[in-house]
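# prediction below, plus the sequence it came from.
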Amino acid sequence: AYAAQARAGKVDGHAKPVADQPFPAVLRIDAQFGFAYPALDLMIERLPDIARAQGIAVAAIHKSHHAGVMGLTVEKLAEAGLAAMMFANAPAAMAPWGGRRPMFGTNPIAFATPIGDGDPIVIDLALSKVARGKIMAAKQKGVPIPDDWALDADGNPTTDAVKALEGTMVPAGGVKGAALAMMVEMLAAGLTGAQFGHQSSSLFDDKGAPPALGQMVIAIDPVAVGGAGIIDHLRYIADEIALEETVRLPGRRGQNARRDAEIQGLDIEDDVIAAIEAIK
């Protein structure tokens, strides 16, 4: 889908993001209607020094694209010794609580913090009950979905993936998830000057104008706010939580899977290869 959008000009695959620092703790990045990743790389390059100098720093990215796996972005900041939060908006797929008009995307939130030696704690979640990609996969395979994943255009629960994509996603946690999705929309699009979800074109096809989405990243120097020994304090609570054998700390599954993939390689499904071949 990304490559098709680049070929159609919906996203500029050669765009170079531009950054300015209007205030000591603020980094503004214009992604220039390109992919989000160069803008995020620029943020990773510059934001840690600003956060260490000021104690806290914020990066506001606009004219951007899909934020990808945000846990990887905040994990890089945690590896640089910072606690980080990230918010991103997406094309509209969820309605405000009580409504039927899609206004918010699945609007993910990510968080990471160092805990000393070992892997950082990494939390990465979308605010829909399930990822929209799962419904798209069900549509492609022609199989039904559970009736609590999405609503049809009339606001009724549906097991039909096609009707689900024409309707809205169910927010995680009901009214609370819908409120959080609105919060992310305000942070990632409202405050950055990016397009709101209902203004943005789809990330799944090559039709329409650039999505022009937004991302906001907040990086905090733990020592600046907690003083010496704060990393030991963070390690204590992580260790305490992990005392139960059945508990898995957030981020560990992805970190272990990544290490396995680096050694064993990746399996790529035939239909993905076929889709790539079709747009060469």
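Thanks, I have it. Numbering: from 1, shown residues only.
# select the longest helix from this protein.
Assignment by DSSP state H gives helix 36-54 as the longest helix of the chain.
# for that one, packing partners?
Contacts defined by 3 or more Cβ pairs under 8 Å, 6 or more residues apart in numbering; DSSP states H and E place helix 36-54 against strand 18-23, strand 26-30, strand 56-64, helix 70-79, strand 213-220. All C-beta spots, glycine's among them, are computed from the backbone N, C-alpha and C.
# now what about the third one, what contacts it?
In this structure, residues lying in contact with strand 56-64 by Cβ atoms under 8 Å, 6 or more residues apart in numbering are 17, 25-34, 36, 39-40, 43, 47, 50-51, 191-194, 210-221, 224-225.
# just checking: what are the partner strands of it?
Paired neighbours of strand 56-64 in the sheet (DSSP bridges): strand 26-30 (parallel), strand 213-220 (antiparallel).
# which residues of the stretch 101-250 of the chain score low on pLDDT?
Nowhere does the stretch 101-250 of the chain drop to pLDDT under 70.
# any chance you could map the strands in it?
Secondary structure of the stretch 101-250 of the chain (DSSP state E, counting those that start in this stretch): strands at 109-113, 121-125, 150-151, 168-169, 213-220.
# for Arg259, find the nearest of these.
strand 121-125 (13.9 Å; Cβ to Cβ).
# can you list the strands that that closest one pairs with?
With DSSP bridges as the test, strand 121-125 pairs up with strand 109-113 (antiparallel).
# who's in contact with the residue of the chain positioned farthest from its centre?
Most distant from the centre of the chain: Ala228, at 31.4 Å, with distances by Cα atoms, centre = their mean. Residues in contact with Ala228 (Cβ under 8 Å, 6+ apart): none are found.
# repeat that for Leu191.
With contact set as Cβ under 8 Å, 6+ apart, Leu191 has these partners: Ala60, Met216.
# for Ala84, phi and psi?
Here is the backbone geometry of Ala84 (degrees, to the nearest 10): phi -140, psi 150.
# pLDDT value on it, please?
For Ala84, the model assigns a pLDDT of 98.
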